[in-house]
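Engineer: compute the structure for the input listed below.
(one chain, ligands or ions: 1)
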Amino acid sequence: MTILEDIRAYWDQDAHTYDDAAHHRPRSPGVQAAWLASLASLLPDPPVRVLDCGAGTGFLSLMAARLGHRVTALDVSGAMLDRLRGAAESEGLSVEVVQGPAERPDGTYDVVMERHLLWTLQHPSEALEAWRAVAPQGRLVTIASLRGSSDPLEQLRAFVRGTLSSIRGDAPHHHAEYPPDLRDALPLAGGVAPDTLIELVRAAGWRSPRMWRLRDVEWAETLALGLPDRLLGVAPRYAVVAEA
Ligand SMILES: C[S@@+](CC[C@H](N)C(=O)[O-])C[C@H]1O[C@@H](n2cnc3c(N)ncnc32)[C@H](O)[C@@H]1O
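Structural biologist: Coordinates of the predicted model:
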């Protein structure tokens with residue numbers, strides 16, 4: 001199997017439980033509203049053509065459609081996209097769904113956006129260049145969380161959160177970890193720090209990268225936690241936006 005086939009197989013299996021985790025499909029009205037406000041502030045006024053790369057079960061796609069944008073959801077996993085299609089239909093939202101690699105998008109868009117995809121790409125720089133080519137006058141919106149080895153303090157907090165969660169017997173957020181040989185093939189699998197992301201975005205030809213910390217989302221997510229998790233808070237979330 002190729003690396004992309006391994007990745008597709010992983011997410012096809014993960015699709016069964018992906019939306020059970022609150023940060024994959026928020027249940028709290030406050031968290032939903034904070035995400036909607038944040039995404040609205042990062043996108044141009046609707047309606048514009050938006051490509052959501054690595055759309056998964058539709059976290060960003062569904063919100064962008066709710067905001068009135070014309071959304072294309074691109075993902076390599078058919079099972080993740082089936083979930084997205086089902087969620088869009090049950091809300092009466094129109095989202096075009098395309099199965100394929102995010103590194104080879106088709107069409108022309110005003111915005112290319114992604115959340116939590118770059119870490120799992122074998123060639124993130126090539127993807128960022130390909131996205132620029134399909135948005136020649138457009139905007140890039142990337143949304144990331146500070147996690148993994150990209151920041152030692154956050155790594156420590158994540159370890160404590162994970163320990164508390166396993167003591168309680170909480171369900172894990174994914175059906176499995178990526179196997180070590182797969183992680184080794186992905187340059188950002190350990191997490192992406194803001195400076196690294198901004199440099200990658202700039203090197204791919206995107207202009208004037210700007211960064212926002214998504215504090216409203218973090219605040220709403222923290223309010224939705226019980227004790228003692230609330231004391232630890234959530235991983236910092238941030239967005240990098242740039243123009244073609
Ligand atoms: C962590 S999930 C993020 C899903 C969604 N963006 C979200 O925020 O919930 C990563 C997604 O990227 C997809 N993916 C991974 N590698 C891909 C690639 N090379 N091309 C397209 N999709 C990919 C996976 O199938 C999965 O749906």
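Engineer: and the protein, which of its residues are near the ligand?
Structural biologist: 4, 7, 11, 24, 54-56, 59-60, 75-77, 80, 101-103, 115-117, 120-121 (C-beta under 6 Å from any ligand atom). Any C-beta I mention is one placed from the backbone N, CA and C, and that applies to glycine too.
Engineer: and the residues you listed, which of them are in strands?
Structural biologist: Mapping these onto strands (DSSP state E) picks out 75, 115.
Engineer: narrow the residues of the chain next to the ligand to just the buried residues.
Structural biologist: Neighbour-count burial (16 or more other C-beta atoms under 10 Å) is assigned, among these, to 7, 11, 24, 54-56, 59-60, 75-77, 80, 101-103, 115-117, 120-121.
Engineer: let's see which of these end up in helices.
Structural biologist: Among these, the ones falling in helices (DSSP state H) are 7, 11, 59-60, 80.
Engineer: could the residues you listed go into a markdown table alongside distance to residue 238 and pLDDT?
Structural biologist: Below are those laid out as a markdown table (distance: C-beta to C-beta, whole Å; pLDDT from 0 to 100):
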| residue | distance to residue 238 | pLDDT |
| --- | --- | --- |
| 7 | 24 | 97 |
| 11 | 24 | 98 |
| 59 | 16 | 98 |
| 60 | 15 | 98 |
| 80 | 24 | 98 |
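Engineer: now, the most widely separated pair of those residues?
Structural biologist: Largest separation among these by C-beta to C-beta: 7 and 60, giving 18.9 Å.
Engineer: the closest residue to residue 72 other than its chain neighbours: how many residues sit nearby?
Structural biologist: The shortest distance from residue 72 to any residue that is not its chain neighbour, by C-beta to C-beta, 6 or more residues apart in numbering, is 4.4 Å, and that residue is residue 96. Neighbour count of residue 96, defined by other C-beta atoms under 10 Å: 15.
Engineer: the host helix or strand of residue 96 pairs with which strands, parallel or anti?
Structural biologist: Secondary structure here is read from DSSP states H and E; on that basis residue 96 sits in strand 95-99. In the sheet containing strand 95-99, its partner strands are strand 70-75 (parallel), by DSSP bridges.
Engineer: what sits against the residue in the chain that the ligand sits nearest to?
Structural biologist: Sorted by distance to the ligand under C-beta to the nearest ligand atom, the residues of the chain start with residue 56, at 2.5 Å. The neighbours of residue 56, taking C-beta atoms under 8 Å, 6 or more residues apart in numbering as the test, are 11, 18, 24, 75, 77, 80, 83-84, 116.
Engineer: redo that, cut-off 10 Å
Structural biologist: Residue 56 makes contact with 11, 14-15, 18-19, 24-25, 73, 75, 77, 80-81, 83-84, 114-117 under the criterion C-beta atoms under 10 Å, 6 or more residues apart in numbering.
Engineer: dead centre of this protein: give me the residue that sits there.
Structural biologist: Taking C-alpha atoms, centre = their mean, the centroid of the chain lies closest to residue 115, which sits 1.8 Å from it.
Engineer: the nearest residue to it once chain neighbours are set aside pairs with what?
Structural biologist: Ranked by C-beta to C-beta, 6+ apart and with sequence neighbours excluded, the top spatial neighbour of residue 115 is residue 143, at 4.0 Å. When bridges are taken as DSSP bridges, the partners of residue 143 come out as residue 115, residue 239.
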